[in-house]
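Chemist: how would this look folded up:
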Amino acid sequence: LANTNYERTHSRTLLLARGLQLILPLMASWWLLANLMNMALPPTINLTGELLIITSMYNWSPLTIMLTGAGTLLTAAYSLHMFLMTQRGKFPRHIIKMSPTHTREHLLMALHILPLLMLLTKPELVMGPLS
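Modeler: All right, here's what the predicted structure looks like:
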């Protein structure tokens, strides 16, 4: 997703990529779905992974609960900040021409997101049978 923004704006600065939701609404949907998966919201597979890491770190040393909690909070805050900075807001005036999205970009995002959605519905594929 960051590369698709870079291909269109020719900049990696979040502020210069603001307002792309107005022009590329389907790409904004991919951004939203990817960020929600990254923020470890229930019932995403990322939440399961973070809970397993937090419990194992807590069993190792109770002091690590603060570090892993802070890491989880920072990840969620940055994901939300990144989404808001790249997709919301006024469209910048410096972008004169914007190329449309291509099928290959949507296929690439679908091939990244669909396995995560499949793991949401059938986590036994990774976790093993629940007893």
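Chemist: what about Asn59, which helix or strand?
Modeler: Assigned by DSSP states H and E, Asn59 belongs to helix 45-60.
Chemist: which strands and helices sit next to that helix?
Modeler: Helix 45-60 sits against helix 25-38, helix 64-87, helix 103-121, with contacts defined as 3 or more Cβ pairs under 8 Å, 6 or more residues apart in numbering; DSSP states H and E. For glycine as for every other residue, the C-beta is placed from the backbone atoms N, C-alpha and C.
Chemist: got the angle between the shortest one and helix 103-121?
Modeler: Here the directions of helix 25-38 and helix 103-121 differ by 30 degrees (axes from the mean of the first three to the mean of the last three Cα atoms, to 10 degrees).
Chemist: Show me the shaky parts of the protein.
Modeler: 130-131 (pLDDT under 70).
Chemist: quick one on the thing from earlier: just the C-alpha atoms of the helix holding Asn59, please, in CSV.
Modeler: Only the C-alpha atoms of helix 45-60 are listed here, as CSV (Å, rounded to 0.1, in the frame of the first residue of the first chain):
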residue,chain,number,x,y,z
ILE,A,45,-5.4,-13.1,14.0
ASN,A,46,-3.0,-10.4,15.1
LEU,A,47,-4.9,-10.1,18.4
THR,A,48,-4.4,-13.8,19.0
GLY,A,49,-0.7,-13.5,18.3
GLU,A,50,-0.2,-10.5,20.6
LEU,A,51,-2.2,-12.2,23.4
LEU,A,52,0.0,-15.2,23.1
ILE,A,53,3.2,-13.1,23.2
ILE,A,54,1.9,-11.0,26.1
THR,A,55,1.1,-14.1,28.2
SER,A,56,4.3,-15.8,27.5
MET,A,57,6.3,-12.7,28.2
TYR,A,58,4.4,-12.2,31.5
ASN,A,59,5.2,-15.8,32.5
TRP,A,60,8.8,-15.1,31.8
